[in-house]
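# take this sequence and fold it.
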Amino acid sequence: MSVREPYLPIGPRTLLDDDFVFGRREEMAELRQRLSARKSFVLHGPSGSGKTFLLHRVVCKLPEVLYCPQAASPQLVVHSLALRLVELRDRYTKSSLRNAQAVKLKSTISLRGIVLEAVRRGRYFVVLDHLQGPAAALSADTRDLMFYGETPIIAVARSAHMEDLGFLTPMFPMRAERMRLSNFGHPEATQFAEEIACRIDLWATNLPEFLERVVDLSHGSPGAILQMLRMARIPRYRLNGYIKSSPLYIDFRLGWHAVNAW
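Predicted coordinates:
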């Protein structure tokens with residue numbers, strides 16, 4: 001089965017065909033329901049479970065969504081939201097922010113005021129992806145977005161605890177305000193690995209054994225499975241039709257830790 005070269009990221013980009021979804025129909029339906037309700041919530045789950053993937057499939061294509069891919073600081077959040085408002089040609093911001101260059105020339109304080117006013121006047125959602133234990137300053141800005149503009153916030157983190165949500169934790173006290181995305185169980189992970197191997201034309205003499213090992217080592221993480229299968233196509237991890245799983249896994253772990261150590 002031949003398909004175009006896939007994107008297999010550990011990050012915001014999608015993979016394979018635009019309509020490809022595996023084992024997440026219920027979660028996608030829940031995301032849509034939460035969007036319809038216009039309530040703030042936390043989307044949390046381990047690295048590689050597919051949080052960003054689902055957001056891009058369901059949420060980030062909507063014109064009313066202001067998406068921040070790296071919510072590590074107030075400065076990053078404000079600049080990301082301002083750029084998104086420029087992209088959407090928001091009525092309020094277009095007079096003061098004509099293009100991306102204008103965003104770069106503005107101070108963070110000026111941008112903050114513009115963004116807050118645009119959010120107050122519009123009916124947006126704000127997605128704060130890859131939260132890194134945000135401090136009090138980012139928490140204060142998020143409160144302003146939620147309460148000043150009555151804007152729903154989707155906070156995305158590895159867990160709903162203090163180490164990842166930081167000072168945002170008290171803003172989501174109820175269980176109903178938290179949506180957990182888990183890794184696949186073993187049967188789902190096995191089917192997922194087989195499906196991806198087929199879609200990317202992965203072949204090897206030891207493919208069944210390799211897929212079984214990938215499923216075990218990934219602990220059901222779809223992101224980890226995708227990354228290891230993509231690596232299995234690289235010539236340095238292949239010899240005479242066999243996939244060299246041990247060096248592949250060592251390099252995978254080093255890269256995975258570097259990308260997911262936020």
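# ok, the closest residue to Met231 other than its chain neighbours - how many residues close by?
The shortest distance from Met231 to any non-neighbouring residue, by C-beta to C-beta, 6 or more residues apart in numbering, is to Leu248 (5.3 Å). Any C-beta I mention is one placed from the backbone N, CA and C, and that applies to glycine too. Residues lying near Leu248 (other C-beta atoms under 10 Å) number 21.
# and what of Phe53?
If you count neighbours by other C-beta under 10 Å, Phe53 ends up with 23.
# does it lie in a helix or a strand, and which?
Assessed by DSSP states H and E, Phe53 sits inside helix 51-58.
# packing partners of that helix?
Counting contacts by 3 or more C-beta pairs under 8 Å, 6 or more residues apart in numbering; DSSP states H and E, helix 51-58 is packed against helix 25-37, strand 41-44, strand 153-157.
# tell me which of those lies nearest to Ala72.
strand 153-157 (11.7 Å; C-beta to C-beta).
# okay, now the sheet partners of that closest one, with direction.
strand 41-44 (parallel), strand 125-128 (parallel) (DSSP bridges).
# give me the three-state assignment for the closest residue to Phe184 other than its chain neighbours.
Excluding the flanking residues, the one nearest Phe184 by C-beta to C-beta, 6+ apart is Gly220, at 4.2 Å. Classification of Gly220 by DSSP: H, G, I helix; E, B strand; the rest coil places it in coil.
# show me the contacts for the residue nearest to Met231.
By C-beta atoms under 8 Å, 6 or more residues apart in numbering, Leu248 lies in contact with 228, 231-232, 237.
# now Leu181
Applying C-beta under 8 Å, 6+ apart, we find Leu181 in contact with 27, 43-45, 49-51, 54.
# out of those, who has the most neighbours?
Using other C-beta under 10 Å as the neighbour test, the contacts of Leu181 are led by Leu43, with 26 neighbours.
# tell me the contacts of it?
Contacts of Leu43 (C-beta under 8 Å, 6+ apart): 31, 51, 54-55, 154-157, 179, 181.
# export the helices and strands packed on helix 51-58 to JSON lines and append columns for distance to Arg143 and mean pLDDT.
Putting the helices and strands packed on helix 51-58 into JSON lines (distance: least, C-beta to C-beta, whole Å; pLDDT from 0 to 100) gives the following:
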{"stretch": "helix 25-37", "distance to Arg143": "20", "mean pLDDT": "91"}
{"stretch": "strand 41-44", "distance to Arg143": "15", "mean pLDDT": "94"}
{"stretch": "strand 153-157", "distance to Arg143": "9", "mean pLDDT": "93"}
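# nearest to Pro173, out of those?
strand 41-44 (10.6 Å).
# Gly122 and Tyr249, how far apart?
47 Å (C-beta to C-beta, to the nearest Å).
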